[in-house]
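Peer 1: Give me a 3D structure for the following:
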Amino acid sequence: MINSSLPAATLEKMAFLRENTISTTEQLLECEYYLQNHGMMTALSVQKAVNPIVESMNATSISLDYRLWITKGLDPWVTKRNDILDEIQQYLGIGMYSVQDDNQILERARLKGIAIESSSLRWLANHQHDDWLVELFLRKKNADLFLKRFKDELPVPNEKGISLLSGKWNGYSSFSGRIVSNHMPMAALPRAMRDYYVAPDIDGEKAVYVSFDESQIELRLLAGYSSCSRLLTQLIEGEDIHRFFASKLFGVPEEAVDERMRRLSKKLVYGTLYGAGPNRLHEISRKSGLDVVTPPNELLKKLYPEMLVALSCFRRAKVVWYGLRPTKIPTKIGDIWMSSARKQNMSLQSAAALLLKQCLVRLPSNIRVVNIIHDELIVWCKCTNVPLVTRQVRTAYSQAATDLRYRLPQTNLVKVQILGGKVNEQ
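Peer 2: This is a model prediction of the structure:
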């Protein structure tokens, strides 16, 4: 009997089954046949092609200048933690050594009549508004955790002071098919750490890490799928959609839109994509403290009606929409039916995951991907090859969209950034 080329955990997620449902080879093959016959043939094909690529990333790493990172890069977090400790000292009237000890903080709080029943992050987050000390203690715990994770628990540096960051990669970590590193959470590495990456040479030539970050990918996929004329035109022409929407939301010219207005606009647009209804959009607007002239749901309906029709189709579906196409799979995970918001999200998130995977499949074999962060690729290449690699990545996205029959506006689709700025300045 021929074994499936995909792990049981992957097939379970693709079939929207609970974990450990598959325990035998027969069940493995039955699940694959089920997927083939229920509208997941494209997803299966893409996953089988990308799995060896993802597994090869277990042998890759990112080089971090550990010495510079812990002496300079962490300065803002160390200063922030010290400021928090100073505030706790003043609030409780305890010494500089006592404030380092969580138990002593809790005991002094008890003596002052401040009830902190648990030092868990969940309890502190739920009760942070009960007392200023609870919020300070939560901030201290978060700072301690950050420094522990990104200083004490980093891989031991070599004799040159370089720490190698690597992960254990999972090619299908969620029901939508995201690629994630499970061992070291590579997606959680602080963005400030990127300034301290130092790429090793390749074949004796200077090399760099280059970030290729997808821009507004789910919005682009939805615009193409729904044939939303205004949104497609804006994306193709490279217009700032969130600034445009903010100008209509607040009734001001685009040049008068400030960052707070634009930020709210972006939150409302993506809130809509991720399943927020009119009441939730209104609540987001209210909490911003900004006065809008038109309710966001009404404005979205007026400006982008085709987009809202498509989202409504996903929400009302009785079968899973995967990669912007309906399957024959019921909208439930195991025995639990999906919420409307999750049904809506599933189609867009799975489409974005499929596109990224097919892009990896289409990349030439000489391109070395060392990290994947949701919708961003980090590539290691020679300095002299950055223009070529950039063209190859953009071509791969175009080919992947064609392969998957996605109508994808590609103007400014990928943002390109060379990483390791602080190191290069030394």
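Peer 1: pLDDT weak spots in the stretch 151-300 of the chain?
Peer 2: 184 (pLDDT under 70).
Peer 1: ah, wrong one, I meant the stretch 1-150 of the chain
Peer 2: Applying pLDDT under 70 to the stretch 1-150 of the chain flags the ranges 1-4.
Peer 1: Tell me where it has helices.
Peer 2: 8-14, 25-37, 41-56, 66-68, 75-92, 102-111, 121-126, 132-147 (DSSP state H, counting those that start in this stretch).
Peer 1: Tell me which residues of the last one come out buried.
Peer 2: Of the residues in helix 132-147, those buried under the neighbour-count criterion (16 or more other C-beta atoms under 10 Å) are 133, 134, 135, 136, 137, 138, 139, 140, 141, 142, 143, 147. Just so you know, the C-beta spots here come from the backbone N, C-alpha and C atoms, and that holds for glycine as well.
Peer 1: Over to the second one?
Peer 2: Buried residues in helix 25-37, counted by 16+ other C-beta under 10 Å: 28, 29, 31, 32, 34, 35.
Peer 1: and which of those is nearest residue 192?
Peer 2: Nearest to residue 192 among these, counting by C-beta to C-beta, is residue 35 at 41.5 Å.
Peer 1: pretty sure residue 363 contacts residue 392?
Peer 2: Yes. Residue 363 lies in contact with residue 392 (C-beta atoms under 8 Å); the separation is 6.6 Å.
Peer 1: which of the two has more neighbours?
Peer 2: Shown here are residue 363 and residue 392; by other C-beta atoms under 10 Å, residue 363 has more neighbours (22 against 17).
Peer 1: sorry, back to before: quick one: which of the helices of the stretch 1-150 of the chain is nearest residue 332?
Peer 2: Nearest to residue 332, of all those, is helix 8-14, at 13.5 Å by C-beta to C-beta.
Peer 1: what comes into contact with the closest one?
Peer 2: 4, 6, 18-23, 27-28, 31-32, 35, 40, 43-44, 47, 51, 171-172, 174-175, 177 (C-beta atoms under 8 Å, 6 or more residues apart in numbering).
Peer 1: Verify the contact between residue 192 and residue 76 for me.
Peer 2: Yes. Under the criterion of C-beta under 8 Å, residue 192 is in contact with residue 76, at a separation of 7.5 Å.
Peer 1: higher neighbour count, these two?
Peer 2: Between residue 192 and residue 76, counting by other C-beta under 10 Å, residue 192 is the more crowded of the two (15 against 11).
Peer 1: That one: what's it in contact with?
Peer 2: 73, 76.
Peer 1: If you count neighbours, what's buried in the one helix or strand residue 262 maps to?
Peer 2: Using DSSP states H and E, residue 262 falls within helix 259-273. If you call a residue buried by 16+ other C-beta under 10 Å, then helix 259-273 has these buried ones: 261, 262, 264, 265, 266, 267, 268, 269, 271, 272, 273.
Peer 1: neighbours around residue 292, how many?
Peer 2: 21.
Peer 1: Provide the secondary structure category for it.
Peer 2: Following DSSP: H, G, I helix; E, B strand; the rest coil, residue 292 is assigned to coil.
Peer 1: wait, what's in contact with it?
Peer 2: Residue 292 neighbours (C-beta under 8 Å, 6+ apart): 249, 250, 285.
Peer 1: Tell me how many other residues crowd the first one.
Peer 2: This means residue 249. Neighbourhood size, residue 249 [other C-beta under 10 Å]: 26.
Peer 1: Just give the nearest non-adjacent residue to it, would you?
Peer 2: With C-beta to C-beta, 6 or more residues apart in numbering as the criterion, residue 249 has its nearest non-adjacent residue at 5.0 Å, and that residue is residue 292.
Peer 1: The second one too?
Peer 2: The spatially closest residue to residue 250, leaving aside those adjacent along the chain, is residue 261, at 5.6 Å (C-beta to C-beta, 6+ apart).
Peer 1: close enough to count as contact, that neighbour and residue 290?
Peer 2: Yes. Counting by C-beta under 8 Å, residue 261 does reach residue 290; the two are 6.6 Å apart.
Peer 1: any residues in contact with both of these two?
Peer 2: Here residue 261 and residue 290 have residue 250 as joint contacts, going by C-beta under 8 Å, 6+ apart.
Peer 1: possible to save the helices of the stretch 1-150 of the chain as TSV with distance to residue 160?
Peer 2: Formatted as TSV, the helices of the stretch 1-150 of the chain follow (distance: least, C-beta to C-beta, whole Å):
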stretch	distance to residue 160
helix 8-14	38
helix 25-37	46
helix 41-56	25
helix 66-68	9
helix 75-92	22
helix 102-111	36
helix 121-126	36
helix 132-147	23
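Peer 1: Which one, of those, ends up nearest to residue 416?
Peer 2: helix 41-56 (20.9 Å).
Peer 1: which helices and strands does the closest one pack with?
Peer 2: helix 8-14, helix 25-37, strand 169-170, helix 340-362 (3 or more C-beta pairs under 8 Å, 6 or more residues apart in numbering; DSSP states H and E).
Peer 1: How far does it sit from its chain's centre?
Peer 2: A distance of 20 Å separates the centroid of the chain from that of helix 41-56, by C-alpha atoms, centre = their mean, to the nearest Å.
Peer 1: and if you look at stretch 278-292?
Peer 2: Chain-centre distance of stretch 278-292: 24 Å, with C-alpha atoms, centre = their mean.
Peer 1: Give the buried residues for it.
Peer 2: 280, 281, 282, 285, 290, 292.
Peer 1: start to end distance for stretch 222-232?
Peer 2: 9 Å (C-alpha to C-alpha, to the nearest Å).
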